[in-house]
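Student: turn this into a structure:
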Amino acid sequence: MYKLDWEPKGLLRTYSGRVSWAEVNESISEVHSAPRYEDLSYVINDFSECESLEITRDQIEDIAARVSGAEYAHKPQKILRHFKTAYVATSPSMRNTVTTFISATIVNTSVNIFGTVLEARAWVTQGK
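Tutor: Next up, the predicted model:
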């Protein structure tokens, strides 16, 4: 299950329970097709309440390619340099999955992993 909370300059995407590749894929499609997507300056992806993420490495790489393509297509390079993506992951397996995703993404933006949403929010709003 996922929930999207649109904020004035960003998005908090929260995953909870048992999450499938299809749900991750659906949430990304929903965000990329939203009219306010181009105005985002940050995204916080919160996996702290996610019990399991059923996704293969090939699926991670597919999603990373889609995200990279959408970023390049919708945001000029000067905006990408200031865009921040934060991940909240507490379990070692979830942190490994997030790290795999980050390494497969080719967009030149600021990315970081945190233990809490509060830490992630402090980082994405720093300097804004």
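
Student: is the most centrally placed residue in the chain bridged to anything, and to what?
Tutor: When Cα atoms, centre = their mean is applied to the chain, the residue found nearest the centroid is residue 45 (4.4 Å). Beta bridges link residue 45 to residue 13, residue 87 when assigned by DSSP bridges.

Student: quick check, it in contact with residue 10.
Tutor: No: counting by Cβ atoms under 8 Å, residue 45 does not reach residue 10; the two are 11.2 Å apart. Any C-beta I mention is one placed from the backbone N, CA and C, and that applies to glycine too.

Student: which residues of this structure fall in strands?
Tutor: Secondary structure of the chain, counting by DSSP state E: strands at 2-6, 10-20, 42-54, 84-88, 110-114.

Student: in the chain, where is pLDDT below threshold?
Tutor: Applying pLDDT under 70 to the chain picks out residues 64-82, 106-108, 128.

Student: before we move on, the earlier item: from residue 13, how far out is the residue nearest to the centre of the chain?
Tutor: Using Cβ to Cβ, to the nearest Å, residue 45 is found at 5 Å from residue 13.

Student: equivalent analysis for residue 24, please.
Tutor: Taken as Cβ to Cβ, the span from residue 24 to residue 13 is 10 Å.

Student: shared neighbours of the two, anything?
Tutor: Between them, residue 24 and residue 13 share these contacting residues under Cβ atoms under 8 Å, 6 or more residues apart in numbering: residue 2.
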